[in-house]
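K.L.:
pasting the structure only:
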């Protein structure tokens, strides 16, 4: 799949995301333009949408907050997120997100 890949050299899972802020609820809503689309129930001001996004990913994948970071796109809808030291179970759950 082109919206995520495992960088084995750095031991990180890289996710390409398309974020829709100001949604009614926070949820995955399929694929969009080669990225996983996530609706976020927070406005795109004062990093509220980014904070909710990171919290949502952490809860969805059962990860502590410090292992999920935005590495590109802090102020855009297209974001690149890294999951540091992903276990095989995390990779399996990520694959299931777009189903």
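P.N.:
All right, it came through fine. Just so it is clear, the structure is predicted and the values come from calculations on it, not from any experiment.
K.L.:
Isn't residue 28 up against residue 37?
P.N.:
Yes. Assessed by CB atoms under 8 Å, residue 28 is found in contact with residue 37 at 7.2 Å. Using the backbone N, CA and C atoms, a C-beta is placed for each residue, glycine as well.
K.L.:
got the contact list for residue 91?
P.N.:
Each residue near residue 91 by CB atoms under 8 Å, 6 or more residues apart in numbering is listed here: 6, 13.
K.L.:
Please shift the residue numbers so they start at 329 in all later answers.
P.N.:
With the count now opening at 329, the last piece we talked about shows up as residue 419.
K.L.:
Figure out the helix or strand that it lives in.
P.N.:
helix 416-425 (DSSP states H and E).
K.L.:
Buried residues, that helix. List them.
P.N.:
418, 422, 425 (16 or more other CB atoms under 10 Å).
K.L.:
again with stretch 381-401
P.N.:
381-382, 384-386, 388-389, 391, 395-396, 398, 401.
K.L.:
I would like the residues contacting that stretch, please.
P.N.:
By CB under 8 Å, 6+ apart, stretch 381-401 touches 343, 345, 347, 354, 356, 366, 368, 378, 407-413, 418, 421-422, 425.
K.L.:
could you point out which element follows the strand ranked longest in the chain?
P.N.:
Looking across the chain with DSSP state E, the single longest strand is strand 340-348. Sequence order places strand 355-360 as the next helix or strand after strand 340-348, per DSSP H and E.
K.L.:
Can you tell me which helices and strands the helix or strand just after that following strand packs against?
P.N.:
As assigned by DSSP H and E, the chain's next helix or strand after strand 355-360 is strand 363-367. For strand 363-367, the elements it packs on are strand 340-348, strand 355-360, judged by 3 or more CB pairs under 8 Å, 6 or more residues apart in numbering; DSSP states H and E.
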